[in-house]
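Colleague: could you work out the structure for the sequence below:
(chains A and B)
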Amino acid sequence: DAKTTQPTSMDCAEGRAANLPCNHSTISGNEYVYWYRQIHSQGPQYIIHGLKNNETNEMASLIITEDRKSSTLILPHATLRDTAVYYCIVRVPRYSGGYQKVTFGTGTKLQVIP
Amino acid sequence: SQTIHQWPATLVQPVGSPLSLECTVEGTSNPNLYWYRQAAGRGLQLLFYSVGIGQISSEVPQNLSASRPQDRQFILSSKKLLLSDSGFYLCAWSPLRGSYNSPLHFGNGTRLTVT
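Modeller: Sure, this is the predicted structure:
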């Protein structure tokens, strides 16, 4: 699975959009980009994933560049509850019967400021 | 809907004592199961994964072992804890079949302090 690079920390004002970048320059054609977040003392929570098209769900939007070498997770209106560590992961999906080895780095610590 | 349970939430154990952490999944069958550990200020390290009853694979050599006695039960154990075993232990599951790009789903973890 490709390696990812994320900033160590970021601040965002409450109510503003939080844009979290991730570089994955060695991503291969069949690897998906996944985002998780971990609120302090809790297990990681899945947010969103995508292959090459931009994706949106009730939590966030995922923008993947055309060359797929980087992506941005967007929280449109950050709240204090969005303060967490955000992990960007790229991996090849495993088919039926296969396990999914998912490696997490240290992520980006997002602090939402009142 | 599927849920994952881990217990206990926190645990303080002396060096040399045994350990048993339990994880169960509800609402799904034949899941892939995982144990991760997170040391303070570090990323998540995959310890074990299992694709079925009695099938355990270890990712890193360590003082811990895992077992899967039932389809939706995953246990992390140690015979004698070391100080270095302290950390935040997380259980996770993913579908064995179905959507091939399904994400991992994590429990709320057990914070283990070895004294």
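Colleague: can you name the residue of chain B nearest chain A?
Modeller: Residue nearest to chain A within chain B (C-beta to the nearest C-beta): residue B:106, separated by 3.2 Å. C-beta coordinates here come from the backbone N, C-alpha and C atoms, glycine included.
Colleague: residues in contact with the closest residue to that residue other than its chain neighbours?
Modeller: Ranked by C-beta to C-beta, 6 or more residues apart in numbering or on different chains and with sequence neighbours excluded, the top spatial neighbour of residue B:106 is residue A:43, at 3.2 Å. When contacts are counted by C-beta atoms under 8 Å, 6 or more residues apart in numbering or on different chains, residue A:43 touches B:6, B:90, B:92, B:106, B:107, B:108, B:109.
Colleague: tell me the pLDDT at the residue nearest the centre of chain B?
Modeller: For chain B, the residue nearest the mean C-alpha position is residue B:35 (2.9 Å; C-alpha atoms, centre = their mean). The score at residue B:35 is 94. That number is its pLDDT.
Colleague: dump the residue contacts of it.
Modeller: By C-beta under 8 Å, 6+ apart, residue B:35 lies in contact with B:23, B:46, B:47, B:48, B:49, B:64, B:66, B:74, B:76, B:89, B:90, B:91.
Colleague: now do 7 Å
Modeller: Residue B:35 makes contacts with B:47, B:48, B:66, B:74, B:76, B:89, B:91, as judged by C-beta atoms under 7 Å, 6 or more residues apart in numbering or on different chains.
Colleague: quick one: the first one from residue B:75, how far?
Modeller: Pointing back at residue B:47 there. Summarising the geometry, the distance separating residue B:47 from residue B:75, computed by C-beta to C-beta, to the nearest Å, is 12 Å.
Colleague: over to the last one?
Modeller: Distance, residue B:91 to residue B:75, using C-beta to C-beta: 10 Å.
Colleague: for these two, indicate the residue with more neighbours.
Modeller: Taking residue B:91 and residue B:75 together and counting by other C-beta atoms under 10 Å in any protein chain shown, residue B:91 has the greater number of neighbours (28 against 19).
Colleague: helix or strand: which one has that one?
Modeller: strand B:87-94 (DSSP states H and E).
Colleague: what's the answer for residue B:37, then?
Modeller: Secondary structure assigned from DSSP H and E places residue B:37 in strand B:32-38.
Colleague: that strand: which residues count as buried?
Modeller: Buried residues in strand B:32-38, counting neighbours by 16 or more other C-beta atoms under 10 Å in any protein chain shown, are found at B:32, B:33, B:34, B:35, B:36, B:37, B:38.
Colleague: neighbours of the nearest residue to the first one once chain neighbours are set aside, how many?
Modeller: Nearest non-adjacent residue to residue B:32, counting by C-beta to C-beta, 6+ apart: residue B:94, 4.7 Å away. Counted with other C-beta under 10 Å, the burial measure for residue B:94 works out to 21 neighbours.
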